[in-house]
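Enquirer: could you look at this predicted model? Sequence included:
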There are 2 protein chains.
Amino acid sequence: MARLVMKFGGTSVANLDRIRNVARHVKREVDAGHQVAVVVSAMSGETNKLVGLCREASPLHDAREYDAVVSSGEQVTSGLLAIVLQSIGVDARSWQGWQIPLKTDGAHGAARIMGIDGAFLTQRIDGGQVAVIAGFQGIAPDNRISTLGRGGSDTSAVAIAAAIKADRCDIYTDVDGVYTTDPRIVPKARRLDRVSYEEMLEMASLGAKVLQVRSVELAMVERVRTFVRSSFDDPDAPQIGAHGLPPGTLICDEDEIMEHEVVTGIAYSKDEAQISLRGVADKPGVAAAVFVPLAEANINVDMIVQNVTGDGSTTDITFTVPATDYDRARAVLAAATDQIGAHEILGSTDVVKVSVIGIGMRTHAGVAAACFKGLSSKGINIRAISTSEIKISVLIDAAYTELAVRTLHSLYGLDAA
Amino acid sequence: MARLVMKFGGTSVANLDRIRNVARHVKREVDAGHQVAVVVSAMSGETNKLVGLCREASPLHDAREYDAVVSSGEQVTSGLLAIVLQSIGVDARSWQGWQIPLKTDGAHGAARIMGIDGAFLTQRIDGGQVAVIAGFQGIAPDNRISTLGRGGSDTSAVAIAAAIKADRCDIYTDVDGVYTTDPRIVPKARRLDRVSYEEMLEMASLGAKVLQVRSVELAMVERVRTFVRSSFDDPDAPQIGAHGLPPGTLICDEDEIMEHEVVTGIAYSKDEAQISLRGVADKPGVAAAVFVPLAEANINVDMIVQNVTGDGSTTDITFTVPATDYDRARAVLAAATDQIGAHEILGSTDVVKVSVIGIGMRTHAGVAAACFKGLSSKGINIRAISTSEIKISVLIDAAYTELAVRTLHSLYGLDAA
């Protein structure tokens, strides 16, 4: 017997037929003797509809009221799934965030989970009742409903799994796992059986849209084994796949992964924009003059590269910002021109960040060199580079995205046989 | 300065344009210096949609889950109205039933209000903040959301008004008040400026669909002055009408009504069915044999008439039941045939109950006689009669509904000049 959290997203509960399909997945686990908590999103389209109503009501709306309105989507799904489960003989009840309680901070609209009292839930689950939990929502210190921000249901699921000490958190989604790269770009991409928290975090941050970044961070911190699988599977098909699990990807501690490939996957992100400052005086304090105003404007800066120019008196600074903040960042820099004293501010939104990710990199030299050489051989110019212990990211022209991803995927031996 | 509760039903909040109109009504009262609590229903169509989803999920669904699903409609409206009010400069916040808390019993799906802690609300309202309250919902002893049954938002509004000691509860609806009878049948029907709780209770019970019966009962018990008016009025039009109030009907203590007409209104109800038992043995215990099984089946019996037949050995019993319970009632009686020993069970759903209502009846003789004579003069046969201190009801063939209502309306001098 295991204790499981099962999370189903919006497309998995889009209508009552899909909710009945979810119920069969749940019943299978209950029939196998497992204790189950289910976390559900709003029916697909509902959240967008509710957000649209709030915006139409007022462009500048009170986040507390937004939360009251938008959280109703998950409330509906949790009740409907409980009804369907009962109708097929599974003891179940719905739980709203405030009933658990799942306590958050007061940042309405994008709240962070502060703590979950798992006592009530655990008591019911121990008694054999399935807990159907409305994802994405909690209760703030002001005793009002809070929401966790878009995609927050993944985070709810992982947090619940930690609170009730679940053996595994199964994320049912519209894909059947995490792939070595985007299969739309590389048809030979392979599904990974296992991936470490650290690798998944890089892959989630870098544009693989399978799991929300915050949920992976939380899974890593709380060591919640998280399994990504498809909700479109036949619920009654045999469940034994690789490593004793059905088809899908297990995100787990690296100790659970026997053989590490050097490189696990290739990710890319089009949500970046490049800004370059030319001819900046090379003197102490100039970096602060550039980056402090951006930080004060709440703009996240990534991939900072600084080159000294020929004569040593000036320097070029290149960095990336989220594409959505590009115009704002340029305006902030223009306003700070006097402090920076740059000759020229250049920029482009027509760039992409391609990343090579793998825990094996830690112990293998030459991974970065191979990347640069491979891209160079295809005539792809690198605009900026950043690296960490387990990843190499390069910024290139967006036009080369597919070529770069395919080249690197093949280069590191990730193509399926 | 007065303290007001303003209640808006589903058609009054059907979309954001209508919600903006509601906000203008609220702003008018706030600008006039009043303290305001608003009670809202779900946007029209939403409750039916949510109820439909529950039924589709399972015909026999858990009422606790039904409540979780269906209460979301009011939750959405309360948040949206708070947003719109803020956008026009009115300080406002939404309140869910569990936040107030509005405590109910555990009869999920049709809960009764047990008590409202008005302290939080009053504190905020005293501070000048408009409380936007999700109607129709509360919290049950199991710490789960409860709903009050269809039309429960009227009851919420009156209960809130009692809890915060409001000077008046304004019910904004799609008609502009309570009429002497249905204006679709009698174009000369007049709007009543004032009507007593007792009269309104009879009129509400008897088919005037303006206010839910329970809300009138509660208003009568708690002495909540309740004012019915149209939400389609121009919010900015002058507000002074009869008795210092805008056009509408004030439901109030009879002491507040200076001159009582003998008859206040004519109501009718098509939701009745007639059952007649012929040739029942006229012996002790036979009424119990008929009505105990019906009571055990939760069928409400009304208008009981018993006639002794010619030879005195048998009797005929006629009574009415709600039309929706007609088939069930006949089945119950058929099963109890041995105990009853009736010759024949007859029945009809093609009947209507027409009622003459007026507190003035108490002190005026001959009101009933005039009714019977008037109907007789038009050739209308009376199938059954029941009376109370302030009403006379007759059961007649449905085909004569309009003729009977028009005849009585005219007979008692209710026609507009």
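Expert: Thanks, I have it.
Enquirer: for the residue in the stretch 301-417 of chain A that chain B sits nearest to, which non-adjacent residue is spatially closest?
Expert: Nearest residue of the stretch 301-417 of chain A to chain B, counting by C-beta to the nearest C-beta: A:Thr324, 23.9 Å away. C-beta here means a position set from N, CA and C on the backbone, and glycine is covered the same way. Using C-beta to C-beta, 6 or more residues apart in numbering or on different chains and skipping residues adjacent in sequence, the residue nearest A:Thr324 is A:Asp271, 7.3 Å away.
Enquirer: contacts only, for A:Val301.
Expert: A:Phe291, A:Leu294, A:Ala295, A:Phe319, A:Thr320, A:Val321 (C-beta atoms under 8 Å, 6 or more residues apart in numbering or on different chains).
Enquirer: how about 10 Å then?
Expert: Contacts for A:Val301 (C-beta atoms under 10 Å, 6 or more residues apart in numbering or on different chains) come out as A:Ile275, A:Val290, A:Phe291, A:Leu294, A:Ala295, A:Phe319, A:Thr320, A:Val321, A:Pro322, A:Asp325, A:Ala329.
Enquirer: cool, A:Val178 as well?
Expert: With the criterion set at C-beta under 10 Å, 6+ apart, A:Val178 makes contact with A:191-195, A:199-200, A:203-204, A:208, A:210-211, A:228, A:248-251, A:264-265.
Enquirer: and what of A:Leu277?
Expert: Contacts of A:Leu277 by C-beta under 10 Å, 6+ apart are A:286, A:290, A:306, A:315-319, A:333, A:337, A:340-347.
Enquirer: apply 6 Å and report the result again.
Expert: Neighbouring residues of A:Leu277 by C-beta atoms under 6 Å, 6 or more residues apart in numbering or on different chains: A:Ile317, A:Ala342, A:Ile345.
Enquirer: tell me how many other residues surround the spatially closest residue to A:Asp117 that is not a sequence neighbour.
Expert: Nearest residue to A:Asp117, sequence neighbours excluded (C-beta to C-beta, 6+ apart): A:Pro101, at 6.1 Å. The number of residues packed near A:Pro101 is 16, by other C-beta atoms under 10 Å in any protein chain shown.
Enquirer: same thing with A:Tyr66?
Expert: Neighbours of A:Tyr66 (other C-beta under 10 Å): 25.
Enquirer: from A:Glu46, how far out is it?
Expert: 14 Å (C-beta to C-beta, to the nearest Å).
Enquirer: before we move on, the earlier item: now, which of the contacts of A:Val178 lie within strands?
Expert: A:Arg194, A:Val195, A:Val228, A:Thr249, A:Leu250, A:Ile251, A:Gly265 (DSSP state E).
Enquirer: and these, which two are furthest apart?
Expert: Comparing every pair within the ones in strands among the contacts of A:Val178 by C-beta to C-beta identifies A:Leu250 and A:Gly265 as the most remote, at 14.6 Å.
Enquirer: those two: who's more crowded?
Expert: More crowded of A:Leu250 and A:Gly265, by other C-beta under 10 Å: A:Gly265, with 29 against 23.
Enquirer: who's the more buried one bridged to?
Expert: Under DSSP bridges, the beta-bridge partners of A:Gly265 are A:Ile357.
Enquirer: double-check it against A:Gly177; I have them as touching.
Expert: No: if you go by C-beta atoms under 6 Å, A:Gly265 and A:Gly177 don't touch, sitting 11.6 Å apart.
Enquirer: neighbours around A:Lys373, how many?
Expert: A:Lys373 - counted by other C-beta under 10 Å - has 11 other residues nearby.
Enquirer: what does whichever strand or helix holds it contact?
Expert: Assessed by DSSP states H and E, A:Lys373 sits inside helix A:367-377. If you take C-beta under 6 Å, 6+ apart as the criterion, helix A:367-377 is touched by A:Val356, A:Met361, A:Ile392, A:Ala404, A:Thr407, A:Leu411.
Enquirer: pull out the buried residues from it.
Expert: A:Val367, A:Ala370, A:Cys371, A:Gly374, A:Leu375 (16 or more other C-beta atoms under 10 Å in any protein chain shown).
Enquirer: tell me, how many residues neighbour the residue in the stretch 101-250 of chain A that chain B sits nearest to?
Expert: For the stretch 101-250 of chain A and chain B, the shortest gap (C-beta to the nearest C-beta) falls at A:Asn143, measuring 6.3 Å. Using other C-beta under 10 Å, A:Asn143 has 11 other residues around it.
Enquirer: quick one: residues contacting the most far-flung residue of chain A relative to its centre.
Expert: The centre of chain A is farthest from one residue, A:Asp311, which by C-alpha atoms, centre = their mean lies 43.9 Å away. A:Asp311 makes contact with no residue under the criterion C-beta under 6 Å, 6+ apart.
Enquirer: state the distance from it to A:Gly285.
Expert: Counting by C-beta to C-beta, the gap from A:Asp311 to A:Gly285 is 20 Å.
Enquirer: do the same with A:Met114
Expert: A:Met114 is 38 Å from A:Gly285, by C-beta to C-beta.
Enquirer: what about the two, which has more around it?
Expert: Between A:Met114 and A:Gly285, A:Met114 has the larger neighbour count (other C-beta under 10 Å), namely 13 against 10.
Enquirer: and the helices in chain A?
Expert: Using DSSP state H, the helices assigned to chain A run over residues A:16-31, A:46-57, A:63-70, A:72-87, A:119-126, A:152-163, A:197-205, A:213-222, A:286-296, A:326-335, A:337-340, A:367-377, A:401-411.
Enquirer: let's have the ones you listed in TSV, adding mean pLDDT.
Expert: Output for the helices of chain A, formatted as TSV (pLDDT from 0 to 100):
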stretch	mean pLDDT
helix A:16-31	96
helix A:46-57	96
helix A:63-70	97
helix A:72-87	98
helix A:119-126	93
helix A:152-163	95
helix A:197-205	86
helix A:213-222	92
helix A:286-296	87
helix A:326-335	92
helix A:337-340	80
helix A:367-377	92
helix A:401-411	96
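Enquirer: need these in TSV (columns: distance to B:Ser386).
Expert: Listed next are these as TSV, based on distance: least, C-beta to C-beta, whole Å:
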stretch	distance to B:Ser386
helix A:16-31	46
helix A:46-57	49
helix A:63-70	47
helix A:72-87	41
helix A:119-126	51
helix A:152-163	57
helix A:197-205	72
helix A:213-222	65
helix A:286-296	78
helix A:326-335	75
helix A:337-340	89
helix A:367-377	92
helix A:401-411	82
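Enquirer: which one of those lies closest to A:Ile185?
Expert: When these are compared by C-beta to C-beta, helix A:401-411 sits nearest A:Ile185, at 5.1 Å.
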